[in-house]
Every structure is written in structure tokens, then in C-alpha cells.
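Student: pasting the sequence and the predicted coordinates here, then a few questions.
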Amino acid sequence: MPDVESKTIVKFEFEKETKNSVRYKETPEEGKAPIIGSLYVQKWFAGSAKHIEVTLDKKD
């Protein structure tokens with residue numbers, strides 16, 4: 001398994017709206033595989049944001 005930093009910022013861009021949520025698709029760095037893929041965020045929080053970032057912090 002490759003050595004991966006314990007903290008990673010994953011970037012997403014707007015894909016589409018569903019009834020109660022907004023779907024974002026991951027925009028991985030060039031040459032890297034997606035970590036999460038698609039992410040659904042509730043509309044009350046997402047609002048009209050076209051881009052979001054999620055910080056993943058791996059814990060043992």
C-alpha cells in the first residue's frame with residue numbers, strides 16, 4: 001500500500017441537484033485516482049456553492 005499523508009484535502013465540484021441534496025464530483029489531482037468519488041451534501045448546507053473541499057484526517 002502506498003504511503004499516504006494522514007491529512008488530505010479532497011476537492012469537489014457541483015454535479016447536480018437532487019430533491020434534498022446537491023451531488024458533487026471529486027476533482028482529483030492529475031494522475032491520481034479519486035478517493036471518495038461522489039459526495040451528497042444536504043441543500044440547507046450546500047446552498048449555491050459550486051466547489052467544496054473536504055479534509056480527511058486518518059486516525060489509527
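Tutor: Perfect, I can see it now. Residues are numbered from 1 along each chain as shown.

Student: who's Lys16 bridged to?
Tutor: Beta bridges link Lys16 to Arg23, judged by DSSP bridges.

Student: grab the most central residue of this structure for me.
Tutor: Phe12 (4.4 Å; Cα atoms, centre = their mean).

Student: for Thr44, helix, strand, or coil?
Tutor: One thing to correct before we go on: residue 44 is Trp, not Thr. Following DSSP: H, G, I helix; E, B strand; the rest coil, Trp44 is assigned to helix.

Student: tell me how many other residues surround it.
Tutor: For Trp44, the neighbour count with other Cβ atoms under 10 Å is 8. All C-beta atoms are positioned from the backbone trio N, CA, C, and that covers glycine.

Student: hang on, the residue nearest to the centre of the chain in a strand?
Tutor: Yes. Secondary structure of Phe12 (three-state DSSP): part of a strand.

Student: do I have it right that it meets Ala49?
Tutor: No. Using Cβ atoms under 8 Å, Phe12 makes no contact with Ala49, being 9.5 Å away.

Student: Asp57 and Thr18, how far apart?
Tutor: From Asp57 across to Thr18, the span is 28 Å (Cβ to Cβ, to the nearest Å).

Student: need the pLDDT of the residue nearest to the centre of the chain.
Tutor: You'll see Phe12 listed with a pLDDT of 98.

Student: chain neighbours aside, what residue packs nearest to it?
Tutor: Closest residue to Phe12 in three dimensions, ignoring its sequence neighbours and counting by Cβ to Cβ, 6 or more residues apart in numbering: Tyr24, at 3.6 Å.
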